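Visitor: Next come a sequence and a model predicted from it.
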Amino acid sequence: MEQTAALDLSLLVWPGAALALAGVIGILACVRSVMKARNAGLPNEEMVAHMQKMGAWNMAALGVSAIGLALVITGLLLG
């Protein structure tokens, strides 16, 4: 009988959960930053620039969270 080294994909669950949590924390940080800028009463041009910057960071955090959730699902289904 041949024994092959099987890859244990259940090891993807915890790193995936950590990535998903990091993404959610990033999204919450973006929301907090926008609310802080909104309450500061910035001029329109500065507010638009800040919102554009935070939009990019928000999409990055959402992507990190999605990758983490994909790792969790992969680890659970194939592990």
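Guide: Right, received. Where do you want to start?

Visitor: Need the single longest helix in the protein, by residues.
Guide: Ranked by residue count under DSSP state H, the longest helix found in the chain is helix 44-78.

Visitor: Show me what that one is packed against.
Guide: Applying 3 or more C-beta pairs under 8 Å, 6 or more residues apart in numbering; DSSP states H and E, one finds that helix 44-78 makes contact with helix 13-40. Bear in mind the C-beta positions are built from the backbone N, C-alpha and C, glycine included.

Visitor: Taking helix 13-40 as reference, get the angle to the longest helix of the chain.
Guide: Between helix 44-78 and helix 13-40, the angle comes out at 160 degrees (axes from the mean of the first three to the mean of the last three C-alpha atoms, to 10 degrees).

Visitor: when you give positions from now on, start the count at 682
Guide: Done: numbering now begins at 682, and the last item shifts to helix 725-759.

Visitor: buried sites along helix 725-759?
Guide: 731, 735, 739, 742, 745, 746, 749, 752, 753, 756 (16 or more other C-beta atoms under 10 Å).

Visitor: how far does that helix sit from the chain's center?
Guide: On the basis of C-alpha atoms, centre = their mean, to the nearest Å, helix 725-759 sits 5 Å off its chain's mean C-alpha point.

Visitor: Repeat that for stretch 699-710.
Guide: The chain centroid and the centroid of stretch 699-710 are separated by 5 Å, computed with C-alpha atoms, centre = their mean.

Visitor: How about stretch 750-760?
Guide: 16 Å.

Visitor: closest to residue 706 among the buried residues of helix 725-759?
Guide: Nearest to residue 706 among these is residue 742, at 7.9 Å by C-beta to C-beta.

Visitor: Correct me if wrong: that closest one contacts residue 701.
Guide: No - assessed by C-beta atoms under 8 Å, residue 742 is found out of contact with residue 701, at 10.6 Å.

Visitor: mind giving me a markdown table with the buried residues of helix 725-759 and columns for pLDDT?
Guide: Below are the buried residues of helix 725-759 laid out as a markdown table (pLDDT from 0 to 100):
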| residue | pLDDT |
| --- | --- |
| 731 | 94 |
| 735 | 94 |
| 739 | 96 |
| 742 | 97 |
| 745 | 97 |
| 746 | 97 |
| 749 | 96 |
| 752 | 94 |
| 753 | 94 |
| 756 | 90 |
